[in-house]
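Visitor: Sequence first, predicted model second:
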Amino acid sequence: MPRPVWSGAISFGLVTIPIKVLPATENHSISFRQYHLEDMSRVRTRKVCEIDGKQLTSAEIGKGYEVSKDTIVAVTDAELDELPLPTAKAIEIAAFVRYESVDPVRIGEGYYLQADGQVAAKPYTLLRKALERNSKAAVAKFAWHGRERLGLLRVQDGVILLHAMKWDDEVRDPQELAPKAVEVSDEEIDRAVLLIDSMTTDDITGQEWSTDRYTQALEQVIRAKAGGKKPPKPAEEKEPAGQVLDLMAALQESVSKAQASRGEGGESGGSGKDATVHEMPKKRAAKKSTGKKTAGKKTTAKKTTAGKKTTAKKRGA
């Protein structure tokens, strides 16, 4: 069980639900250490006072805001805890929306909300069941990590899940990144839709979606070097024959590969409709015939030469 990262309450109208916030995800990335290339010794980051050069501990370090180059306003943890803010210790629900209406780019890290004590069990269950029955998500505000944040509460597997969200002004406008207007035919769109259908899956759970190939490859390199062996080399990939200029051909080939990976024979359930057929090269009979005739000429020439030599011998005799 992960340790709580925050504790407070959910404010739902006049209802207060004490909760603990726990991380919903785990980080399995491999961490590296910095070392001195010359002697392989560790490189450490030390916090040192600029005036006396003394190395400081965490207890000797405080927070402060730099007003100007030579002026810092000290702010204590106690002052941060006593901020005149209603969301300092509460996740305050402000509205309810359909979860599908929220732009995914605004949704951030997820955290599980656990009912804190037996008293919180009933109101927690009440909110969870109400969200499930109404198929809605709650938009809330809460203060955390030095600022007030926007959050989204939804239900997953019987637990209320909190997503940290971006404010409106934190999301960049993508209009300037959109490509210039280009013409796309209906046939190309239909083929792209067919490719999407052939790659559609019910969910993204299972071995295929839980394997981090980068981490696995990195672990192989570390194991090999720790055992005094050379790290494994990547498999040689075939270089592409050239840039595909025909978009329809590329879509058709992609559809065929997707269907083949699923064990499907053709676009209409194995009927072979619209399948790509390559004609086998015909035998070059003409060239073989020419070769035989040439061989025949050579044989005749040899016989004639041999005959001439025999006649010459007889005449000499």
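Guide: All right, it came through fine. Numbering: from 1, shown residues only.
Visitor: Can you show me the helices along the stretch 51-200 of the chain?
Guide: Remark: helices assigned in the stretch 51-200 of the chain by DSSP state H, counting those that start in this stretch are 77-81, 121-134, 186-198.
Visitor: next one: the second one to chain centre, how far?
Guide: Relative to the chain's own centre, helix 121-134 is displaced by 33 Å; criterion: CA atoms, centre = their mean, to the nearest Å.
Visitor: Which residues does that helix contact?
Guide: Residues outside helix 121-134 that contact it (CB atoms under 8 Å, 6 or more residues apart in numbering) are 10, 12, 15-17, 19, 96, 113, 115, 137-138, 153-155, 158-160. The way it works is simple: take the backbone N, C-alpha and C, and place the C-beta from them, glycine included.
Visitor: what about residue 131, how many neighbours?
Guide: By other CB atoms under 10 Å, 18 other residues sit near residue 131.
Visitor: before we move on, what about residue 8?
Guide: For residue 8, using other CB under 10 Å, the count is 21.
Visitor: Enumerate every residue touching it.
Guide: 18-19, 21, 89-91, 142.
Visitor: Just the buried residues out of those residues, in PyMOL syntax.
Guide: With 16 or more other CB atoms under 10 Å as the criterion, this PyMOL line picks the buried residues out of these:
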select buried, resi 18+19+21+90+91+142
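Visitor: Among the contacts of residue 8, which lie within strands?
Guide: Cross-referencing the contacts of residue 8 against strands under DSSP state E gives 18-19, 21, 90-91, 142.
Visitor: could those go into TSV alongside distance to residue 246?
Guide: As requested, these are exported to TSV (distance: CB to CB, whole Å):
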residue	distance to residue 246
18	63
19	57
21	53
90	60
91	54
142	53
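Visitor: thinking again about what came up before, what's the least confident stretch among the helices of the stretch 51-200 of the chain?
Guide: The stretch with the lowest mean pLDDT among the helices of the stretch 51-200 of the chain is helix 77-81, at a mean of 80.
Visitor: packing partners for that helix?
Guide: For helix 77-81, not one helix or strand is in contact under the criterion 3 or more CB pairs under 8 Å, 6 or more residues apart in numbering; DSSP states H and E.
Visitor: Chain neighbours aside, what residue packs nearest to residue 142?
Guide: residue 91 (4.4 Å; CB to CB, 6 or more residues apart in numbering).
Visitor: mind listing what the one you found touches?
Guide: 8-11, 19, 113, 140-142, 151, 153, 162.
Visitor: List only buried entries from the contacts of helix 121-134.
Guide: 10, 12, 17, 19, 113, 115, 137-138, 153-155, 160.
Visitor: from those residues, which two are the most distant?
Guide: 115 and 137 (18.9 Å; CB to CB).
Visitor: Quick check: of the buried ones among the contacts of helix 121-134, which lies closest to residue 178?
Guide: Nearest to residue 178 out of the buried ones among the contacts of helix 121-134 is residue 137 (CB to CB; 28.6 Å).
Visitor: wait, isn't that closest one in contact with residue 151?
Guide: No: between residue 137 and residue 151 there is no contact under CB atoms under 8 Å: 10.1 Å.
Visitor: What's the local residue count around the nearest residue to residue 95 once chain neighbours are set aside?
Guide: Leaving aside its chain neighbours, residue 95 sits nearest to residue 139 (4.7 Å; criterion: CB to CB, 6+ apart). Residue 139 has 16 neighbouring residues, counting by other CB under 10 Å.
Visitor: So that it lines up with my notes, have the first residue be 15 from now on.
Guide: With 15 as the first residue, the last one maps to residue 153.
Visitor: Identify the residues contacting residue 153.
Guide: Contacts for residue 153 (CB under 8 Å, 6+ apart) come out as 107-111, 164-167.
Visitor: Drop anything exposed from those residues.
Guide: Buried subset of the contacts of residue 153 (neighbour count, 16+ other CB under 10 Å): 107, 164-167.
Visitor: can you redo the helices of the stretch 65-214 of the chain as a markdown table with distance to residue 261?
Guide: Converted to a markdown table, those look like this (distance: least, CB to CB, whole Å):
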| stretch | distance to residue 261 |
| --- | --- |
| helix 91-95 | 57 |
| helix 135-148 | 45 |
| helix 200-212 | 6 |
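Visitor: Pick out the most distant pair among the contacts of residue 153.
Guide: Among those, 110 and 164 lie farthest apart (CB to CB), at 14.2 Å.
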